[in-house]
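Chemist: Below: sequence and its predicted model.
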Amino acid sequence: MSVLVDDDTRVVVQGITGGEGKFHAGQMIEYGTNVVAGAVPGKGGQEVHGVPVYDTVDEAVEEENADASVIFVPPAFAGDAIFEALDTDLDLAVAITEGVPTQDMARVNKRLTETDTRLIGPNCPGLITPGEAKLGILPGNIFAEGDVGLVSRSGTLTYQVVDSLTNRGIGQTTAIGIGGDPIIGTDFVDALELFENDPDTKAIVMCGEIGGEDEEEAAAFIDDHVETPVAGFIAGRTAPPGKRMGHAGAIVSGSGTGTAESKINALNDAGVPVGDTPEEVADHIESFL
Amino acid sequence: MKLHEYQAKQVFADAGIPTPDSQLASDVDGVVAAAEAIGYPVAIKAQVQVGGRGKAGGIELVDNEDEAREAADSILGMDLKGYHVDRVLVEEAVDFVNELYVSVTMDRGAGKPVAMVSTKGGINIEEVAEETPEAIAREHIDPAFGMHPYQARKAVYDAGVDSDLARDVSSILTTLYQLWDDRDGSDAEINPLMVTSDGEVIAADAVMNIDEDALFRQPELAEMEEEAASGDALEQKADEYDFDYVRLEGNVGIIGNGAGLVMTTLDLVDHYGGEPANFLDVGGGAKAERIANALDMVFSDENVDSVVFNIFGGITRGDEVAKGINEALEQFDEIPKPVVVRLAGTNWEEGMEILNEDLVTVEQTLEAAVQRAVEYADEVEA
């Protein structure tokens, strides 16, 4: 069992004819993902990895019954591509693209309040249900089937933690990289709710980082609504205030919230142990199972 | 990307926001000439991108040539919170009776823009925000529609701005939102917005930060970026290489992929008793040349005593990383600083086969790699 994606998910890849899109569509297919179509304006009628390409997402849905999209469209056009996915009423849109202008995402965010489509990302590695489907760029070989749900703001940090789990024989139901941008679709609270409602998810890992208040909100949500045991990790404890560390999300403001300390305290207060190292997170999860 | 004050003021003035008469100068004679053209008294303001310039001695008010020379001499060339001052803005001194605050920014929690107005503008706005947040009126804006005129009025009335100023201030706020929206601003701020004794309002300072991800569609502002570039020599080098790089105080150099994982590596260096020298994220999918550049970056920091190189490949491939490390190190007769490498993820086995293990120390786990790098750094210090 899993959340959001499984081997029935019918995937359309927006931007399948581009370098990244083509490569990762191939990797997704190799992993066993049911990629049924590509969508690229002006490329309708072509085939990539034996998958038919359509000019619009609408056609891909019409012709191939696609119900989820993975977006590998360059940043300048990514906002538009996300709108296309949302306006086609897919169940799920996963935006991998890094560097989408924030104001474009503010408009997308507004649209999300009017549609049932769930957005993951942008600037994220995507999500994977081990053994069934991978929508995104995560390296499939480090994941294993199992009963831990994982949600993370950072791609490579996800891999690090998953690696620690898998090496101990602890597999995952689904791992979701929600992305590190200031405005994203699915956030920690959404993902925690999904895992809480999944009977097969027996424990949850939540990897956050400095900046914003999403982890604090997640801690409050866990306190009130989550029975499944959660272990946390927060990156950026040693980051100096006011410095931008990499992507837009990872900046601490001078004031109280957004710091590693504030997030760790909030999580601890909600009964969530926070590991000092990725290995310690795996220790906590092991003790839950 | 942050515009300098003089650049932001130009952008604001072009949009019709009243700003004081001003000129940029880079030497003492230039300052005096500018001051004479504008007319004393003038303010001389360091053009560096740090907050609290006034408190740090970077802004002086002068009444005559002697004072102007003295102030120009002390400000030009000064080190202001780590930034070298090489230009000042000479500006008409505004005789004000009150200082307001207006700004537009992205409220990331709400996922939409917010316009803010306060009658408690000036240098203590951070304290106001902290201690009496209700003194700042906030109006969230639906980005699909933009700011409705009533919202500008409402923010101004809610803040308690005098009713005879309300029209001018809401007009400035409307223009500021328009600029923020048109120019892909991340923050647009006027603090203080000065109120003069004859009831005029004028932008005495200007902050305009632009979303880096949107510079591709803001060619005019992208051109200003070169001029706006700042930071120390290493940070400028990082800009050239297009790395996300932040220099820190310690001696363990850190290279990795992905902001979260690199921050975690920093945290682990600290956890195991070391001190991180930098944050360096090579990003996703780095090829050999980029990896070699990253090593060059960290080697050029004289504070660095050892380097930990931690790559967990998703779209980054271990074989490319190994090639880059070999290329960077094989050009030295003697490796300048010990390098500890940990490779995992995509193609890590291929990477390990390629990697020249005579030049580096290899560790299998992140924890072991960090501990080893901290040990090396300690040995150098001892």
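Modeler: Sure thing, it's come through.

Chemist: which bits of the stretch 251-382 of chain B sit near chain A?
Modeler: Applying CB under 8 Å from any CB of the partner chain, one finds that the stretch 251-382 of chain B approaches chain A through B:256-264, B:266-271, B:276, B:279, B:281, B:284, B:312-315, B:344-346, B:365-367. C-betas here are computed from N, CA, C, even on glycine.

Chemist: Of all the residues in stretch B:75-88, which ones are buried?
Modeler: By 16 or more other CB atoms under 10 Å in any protein chain shown, the buried positions in stretch B:75-88 come out as B:75-76, B:78, B:80, B:83, B:85, B:87-88.

Chemist: With stretch B:39-49 instead?
Modeler: Going by 16+ other CB under 10 Å, stretch B:39-49 has these buried residues: B:41-49.

Chemist: How about stretch A:2-17?
Modeler: Neighbour-count burial for stretch A:2-17 flags A:2-5, A:9-17 (criterion: 16+ other CB under 10 Å).

Chemist: List phi and psi for the nearest residue to A:P101 once chain neighbours are set aside.
Modeler: Ranked by CB to CB, 6 or more residues apart in numbering or on different chains and with sequence neighbours excluded, the top spatial neighbour of A:P101 is B:A214, at 3.8 Å. Backbone torsions of B:A214, given as degrees, to the nearest 10, read phi -110, psi 0.

Chemist: isn't B:A214 right up against A:G99?
Modeler: No: with contact defined as CB atoms under 8 Å, B:A214 does not reach A:G99; the gap is 9.1 Å.

Chemist: neighbour-wise, which of the two wins?
Modeler: More crowded of B:A214 and A:G99, by other CB atoms under 10 Å in any protein chain shown: B:A214, with 23 against 18.

Chemist: Name all residues that make contact with the more buried one.
Modeler: Counting by CB atoms under 8 Å, 6 or more residues apart in numbering or on different chains, B:A214 touches A:101-103, B:184.

Chemist: rewinding a little: and of the buried residues of stretch B:39-49, the nearest to A:T259?
Modeler: Using CB to CB, B:Q49 is the member of the buried residues of stretch B:39-49 that lies nearest A:T259, at 22.7 Å.

Chemist: Neighbours of the closest residue to chain A within chain B, how many?
Modeler: Nearest residue of chain B to chain A: B:G260, at 2.2 Å (CB to the nearest CB). Using other CB under 10 Å, B:G260 is surrounded by 33 other residues.

Chemist: That one contacts A:R153, doesn't it?
Modeler: Yes: counting by CB under 8 Å, B:G260 does reach A:R153; the two are 6.4 Å apart.

Chemist: which residues are common contacts for the two?
Modeler: A:180, A:207, A:209.

Chemist: The second one pairs with what?
Modeler: In this case it means A:C207. A:S152, A:F233 (DSSP bridges).

Chemist: ok, now which ones touch it?
Modeler: Contact analysis of A:C207 by CB under 8 Å, 6+ apart lists A:150-154, A:157-158, A:161, A:232-235, A:281, B:260.

Chemist: Check it and give its pLDDT.
Modeler: Per-residue confidence (pLDDT) for A:C207: 96.

Chemist: cool, and the first one?
Modeler: pLDDT recorded at A:G180 is 86.

Chemist: That one and A:I210 touch, don't they?
Modeler: No: the criterion here is CB under 8 Å, and A:G180 misses it with A:I210 at 10.5 Å.

Chemist: who are the neighbours in contact with the residue nearest in space to the middle of chain A?
Modeler: Nearest to the mean C-alpha position of chain A, by CA atoms, centre = their mean, lies A:G177 at 2.7 Å. Shown in contact with A:G177 (CB under 8 Å, 6+ apart): A:120-121, A:124-127, A:136, A:138, A:152-155, A:158.

Chemist: Just name the closest of the residues you listed to chain B, please.
Modeler: Using CB to the nearest CB, A:S154 is the member of those that sits closest to chain B, with 2.2 Å.
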